[in-house]
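Colleague: Mind folding the following:
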Amino acid sequence: MSILKKVVMVMLASGLVFSAQAAEKVTIQLKWVTQAQFAGYYVAQDKGYYQAAGLDVTIKPGGPDIAPPQVIAGGGADVVIDWMPSALASREKGVALVNIAQIFKKSGMMLTCRNDSGIKSPADFRGKTLGVWFYGNEYPFLSWMSKLGIPTTGGSNGVTVLKQGFNVDPILQKQAECVSTMTYNEYWQIVDAGLNPSELTVYKYEEQGVATLEDGLYVMEDNLNDAAFVSKMGRFLKASIKGWKYAGDHPDEAADIVLENDDTGAQTEKHQRRMMREINKLVANQPQGVGYLVPGDYERTVDVLMSSDSTPVISKRPSGAWSHAIWEIGRASCRERV
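Modeller: Okay, the predicted model is just below:
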């Protein structure tokens, strides 16, 4: 019996009735702190989309010391948001993560450079210091440098790699000519710190042909054999996608909902509303619909991860690392509710 038929039987057995008393619990672990990057989930919660799908959803913020693969491996979440390089590396190391939906179609990663550095094109990176995020985020950069034929060992013919923290201090303090930024976050931190956009040049990884997939939803592989789990996650995905669509149509309201859920008080309305508009650009323009993982995009990511001259993040092409099963269940079920 196919997993789809099993799920249908589970739903029929429940009478397709989802009440508050029977709400099934789902815990999602975010990759980073509460911000507009995750607006779709907070909107789905705020608008009652999860509740209408018979779900009691807990959204757990992330942070610099929280690794989503470790959280789900330890039983602390049913589903996690991660970037594909990290997820595939975890899978190779024994944490059998499977991508069930790819929310971000495009990468938001880029290098932001000071114009007074003399850099006018990537060819001018030679002899410069570039800030790079590590912990798996460095691999698209290393693949890019390999593609350009630029060594990452320093010297006048290569680039000096500065291990960048999750801030933009190196470019502000002129410790590096360029730093890693996201279109929706760190770039604007540089602007807010006083550098005018006219003083900056950005090099987007998407445009350089070395982008890897970022925010996707991942579950443990064994759970895909559980019809009840698949049914629950299908409803979760459908409700989440509805939240993302609402955020796309109502960006300011979505940003305000995010702010209401920020217990730290660290976020500002200006930054979150601006971030929401940039995030929507990464989610939009998905012909098959929000969340559909295009196999070609997956293959491109694997190619980038395996093409670096340095030690690659994965040693072999993964097998079984993604599935459309929950995507298909989400599309086929609960249409009237989510």
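
Colleague: now the helices for the stretch 101-250 of the chain?
Modeller: 138-148, 169-172, 186-192, 205-208, 227-249 (DSSP state H, counting those that start in this stretch).

Colleague: winner for burial among those helices?
Modeller: Highest mean neighbour count of the helices of the stretch 101-250 of the chain: helix 227-249, a mean of 23 (counted as mean count of other C-beta atoms under 10 Å). Heads up, the C-betas are built off the backbone N, CA and C, glycines and all.

Colleague: So for that one, mean pLDDT?
Modeller: Mean pLDDT, helix 227-249: 96.

Colleague: if I look at the residue nearest the centre of the chain, how far off is residue 104?
Modeller: In the chain, the residue lying closest to the centroid (C-alpha atoms, centre = their mean) is residue 215, at 1.5 Å. Per C-beta to C-beta, to the nearest Å, residue 215 is found 4 Å from residue 104.

Colleague: Quickly list what's touching both of the two.
Modeller: The contact sets of residue 215 and residue 104 overlap at residue 282 (C-beta atoms under 8 Å, 6 or more residues apart in numbering).

Colleague: Pull up the gap between residue 169 and residue 230, please.
Modeller: For residue 169 relative to residue 230 (C-beta to C-beta), the value is 45 Å.

Colleague: My error: substitute residue 273 in the last question.
Modeller: For residue 273 relative to residue 230 (C-beta to C-beta), the value is 36 Å.

Colleague: Over to residue 183?
Modeller: 34 Å.

Colleague: got it, and residue 269?
Modeller: 39 Å.

Colleague: so where's the stretch 201-338 of the chain uncertain?
Modeller: Flagging of the stretch 201-338 of the chain using pLDDT under 70 yields the residue ranges 308-311, 332-338.

Colleague: Apply 80 and report the result again.
Modeller: 307-313, 330-338 (pLDDT under 80).

Colleague: show me where it has strands.
Modeller: 216-220 (DSSP state E, counting those that start in this stretch).

Colleague: how many neighbours does residue 156 have?
Modeller: Around residue 156 there are 7 other residues, counting by other C-beta atoms under 10 Å.

Colleague: what's it sitting at in phi/psi?
Modeller: Dihedral angles of residue 156 (phi, psi; degrees, to the nearest 10) stand at phi -70, psi -20.

Colleague: isn't it right up against residue 150?
Modeller: No. Counting by C-beta atoms under 8 Å, residue 156 stays clear of residue 150, with 11.3 Å between them.

Colleague: Common neighbours of these two, please.
Modeller: residue 126.

Colleague: And the pLDDT for the closest residue to residue 176 other than its chain neighbours?
Modeller: Excluding the flanking residues, the one nearest residue 176 by C-beta to C-beta, 6 or more residues apart in numbering is residue 170, at 4.0 Å. Residue 170 carries a pLDDT value of 97.

Colleague: Tell me who's in contact with residue 170.
Modeller: 129, 131, 162, 164, 176, 179.

Colleague: Now tabulate those in CSV and tack on neighbour count.
Modeller: Listed next are those as CSV, based on neighbours: other C-beta atoms under 10 Å:
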residue, neighbour count
129, 19
131, 25
162, 17
164, 24
176, 26
179, 27
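
Colleague: and which of those is nearest residue 317?
Modeller: Closest approach between the contacts of residue 170 and residue 317, by C-beta to C-beta: residue 164, at 29.3 Å.

Colleague: who does the helix or strand containing residue 27 pair up with?
Modeller: Under the criterion of DSSP states H and E, residue 27 resides in strand 24-29. Looking at strand 24-29 with DSSP bridges, its partner strands are strand 55-60 (parallel), strand 79-82 (parallel).

Colleague: which outside residues touch the last one?
Modeller: Read that as strand 79-82. 26-31, 38, 62, 68-69, 71-72, 90, 97, 100, 103, 215-219, 233, 236.

Colleague: For the nearest residue to residue 110 once chain neighbours are set aside, list the residues it contacts.
Modeller: Spatial nearest neighbour of residue 110, chain neighbours left out: residue 204 (4.4 Å); criterion: C-beta to C-beta, 6+ apart. For residue 204, the contact set (C-beta under 8 Å, 6+ apart) comprises 107, 109, 110, 183, 211.

Colleague: Which one of these is nearest to residue 280?
Modeller: residue 183 (11.1 Å).

Colleague: what about residue 253, distance to residue 246?
Modeller: 8 Å.

Colleague: Also residue 149?
Modeller: For residue 149, the distance to residue 246 - C-beta to C-beta - is 46 Å.

Colleague: do the same with residue 181
Modeller: 27 Å.

Colleague: With residue 304 instead?
Modeller: 32 Å.

Colleague: ok, back up a step: Serialize the helices of the stretch 101-250 of the chain to JSON lines and add fields for distance to residue 43.
Modeller: Converted to JSON lines, these look like this (distance: least, C-beta to C-beta, whole Å):
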{"stretch": "helix 138-148", "distance to residue 43": "29"}
{"stretch": "helix 169-172", "distance to residue 43": "33"}
{"stretch": "helix 186-192", "distance to residue 43": "22"}
{"stretch": "helix 205-208", "distance to residue 43": "25"}
{"stretch": "helix 227-249", "distance to residue 43": "4"}
